[in-house]
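Undergrad: After the sequence you'll find the predicted model.
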2 protein chains.
Amino acid sequence: MPKIVDHAKQRADLLEGAFELFADRGYAALSMRDLARGLGVTTGTLYHYFKSKDVIFEEMVLRAVARDLTDATAELSEELSASERLRLIFEWIQANQKDLRRVLLLVFDFQRHKGDDPLAKGLVSEASATYRREFELQVGAAPGIWPLILGGLIQGILEPSHEDGVARLQAMETLLLGARADGGSGVD
Amino acid sequence: MPKIVDHAKQRADLLEGAFELFADRGYAALSMRDLARGLGVTTGTLYHYFKSKDVIFEEMVLRAVARDLTDATAELSEELSASERLRLIFEWIQANQKDLRRVLLLVFDFQRHKGDDPLAKGLVSEASATYRREFELQVGAAPGIWPLILGGLIQGILEPSHEDGVARLQAMETLLLGARADGGSGVD
DNA sequence: GTCTATATTCGGATAGAC
DNA sequence: GTCTATCCGAATATAGAC
């Protein structure tokens, strides 16, 4: 009788571990060999569960996005105002900013390595849009708020010493109120 | 007497060409051989003018920053209001966004390759701070405006199809006015 | 271990000002 | 012709992949 393993769970576990390894070393620099070694399996096992390095990367990204969205919105209830939801999401982002920055850098490394491969671009823009849409669903689509979120993360990468999350949250609230005052249909 | 070439000009020309090559291929993927070949010289020549690949990269970045600042602020006069200056700078950024995005991606590639080398971090944060300080000098330090600039560029990298510069400019003007109304001492 | 590719070095060739 | 900054590219050393 063959050894029975939960195929889906094994895949999920591998993807989970792959995230840490990719985030640390980048897409290009992490070979399948290193990935396997870091996961405690062989390349043969990896290829048994996944068709290619790209497939691993793609599934890992989609998984991470889904987990983030669940996690970030877990405590948001319908009864909260847009402003309160914004504050809670902002706090989640601040708490997870280290990981979020690693993801951004990983995505840029992936993009660079793939040149202008349309598949890669599609994955990146789809993942990015998923975050953005959920954010706009939660707090409204006031122009500028989402780029301000992204910009805050980038600023933290570029100039770690020069950060002021509180001021940025206030700026986002200003934008939120501004859009409300307009007549509400603020579309970015 | 020896052959005379304008040493400073030759350095500048090499750095100029190096920018295009680095921006296209990234820091890690561009070897000194390829760089030399792309510039129409040999590695020997390169090392005659520069101590190392890192020095080339650093000088090239500082040069590009200086050129950008001169270029972006060329048409700004003292008589313009902060809001008008913001608009002109924003238009310059929009016109040069393709290059600016390439520079951002290049910097991220450099950072990844250098790990947490403090010299590399210093270069990146110094360059970033130079842009930011000049911007704040020109339009004021209203919280959120600078990250919003960065975020717009990043959004363009991640989701090229979903861009709205006009809305972002309006958001920045809102933030500018908000800071003014506060009493003016809005520090990010 | 071998093989490949890299950043860097160095002894010599070249050009052109005097 | 002399001199030397400039330029060349094979050689070196080192690192990593396999």
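TA: Right, received. Where do you want to start?
Undergrad: For the residue in chain A positioned nearest to DNA strand C, report the pLDDT, please.
TA: With CB to the nearest atom of the strand, the shortest gap between chain A and DNA strand C falls at A:R33, namely 12.3 Å. Backbone N, C-alpha and C define where each C-beta goes, glycine included. What the model reports as pLDDT for A:R33 is 88.
Undergrad: Was I right to think it contacts A:T43?
TA: Yes: contact criterion CB atoms under 8 Å: A:R33 and A:T43 qualify, at 6.1 Å.
Undergrad: Just want to know which of those two has more residues nearby.
TA: More neighbours surround A:T43 than the other of A:R33 and A:T43, with 14 against 11 (other CB atoms under 10 Å in any protein chain shown).
Undergrad: how close does the more buried one get to B:R102?
TA: 35 Å (CB to CB, to the nearest Å).
Undergrad: Tell me the helices and strands packed up against the lowest-mean-pLDDT helix or strand in chain A.
TA: Counting by mean pLDDT, DSSP states H and E, chain A has its least confident helix or strand at helix A:165-182, which shows a mean of 85. Contact here means 3 or more CB pairs under 8 Å, 6 or more residues apart in numbering or on different chains; DSSP states H and E; on that basis helix A:165-182 packs against helix A:82-95, helix A:145-158, helix B:145-158, helix B:165-182.
Undergrad: ok, and the closest non-adjacent residue to A:R102?
TA: A:A23 (4.3 Å; CB to CB, 6 or more residues apart in numbering or on different chains).
Undergrad: and if you look at A:L150?
TA: In space, and not counting its chain neighbours, A:L150 is closest to B:G151: 3.9 Å by CB to CB, 6+ apart.
Undergrad: Can you report how many residues lie near the one you found?
TA: 24.
Undergrad: thought it was touching A:I145?
TA: No: using CB under 8 Å, B:G151 is not in contact with A:I145, being 9.4 Å away.
Undergrad: neighbouring contacts of stretch A:129-139?
TA: Residues from elsewhere that reach stretch A:129-139 (CB atoms under 8 Å, 6 or more residues apart in numbering or on different chains): A:65, A:68-69, A:72-73, A:76, A:82-83, A:85-86, A:89, A:145-146, A:149, A:176, A:188, B:159, B:162.
Undergrad: same thing but at 10 Å, please
TA: Stretch A:129-139 is contacted by residues A:62, A:65-66, A:68-69, A:72-73, A:76, A:80-90, A:93, A:100, A:103, A:125, A:141-142, A:145-147, A:149-150, A:172-173, A:176, A:187-188, B:155, B:158-159, B:161-162 when judged by CB atoms under 10 Å, 6 or more residues apart in numbering or on different chains.
Undergrad: what does stretch A:157-164 give?
TA: With CB under 10 Å, 6+ apart, stretch A:157-164 has contacts from A:94, A:97, A:100-102, A:104-105, A:108, A:152, A:155-156, A:170-171, B:104, B:107-108, B:111, B:121, B:124-129, B:131-133, B:143-144, B:146-147, B:150, B:187-188.
Undergrad: Among those, name the buried ones.
TA: Burial by neighbour count, 16 or more other CB atoms under 10 Å in any protein chain shown: within those this picks out A:94, A:97, A:100-102, A:104-105, A:108, A:152, A:155-156, A:170-171, B:104, B:107-108, B:111, B:121, B:124-125, B:127-128, B:131-132, B:143-144, B:146-147, B:150, B:188.
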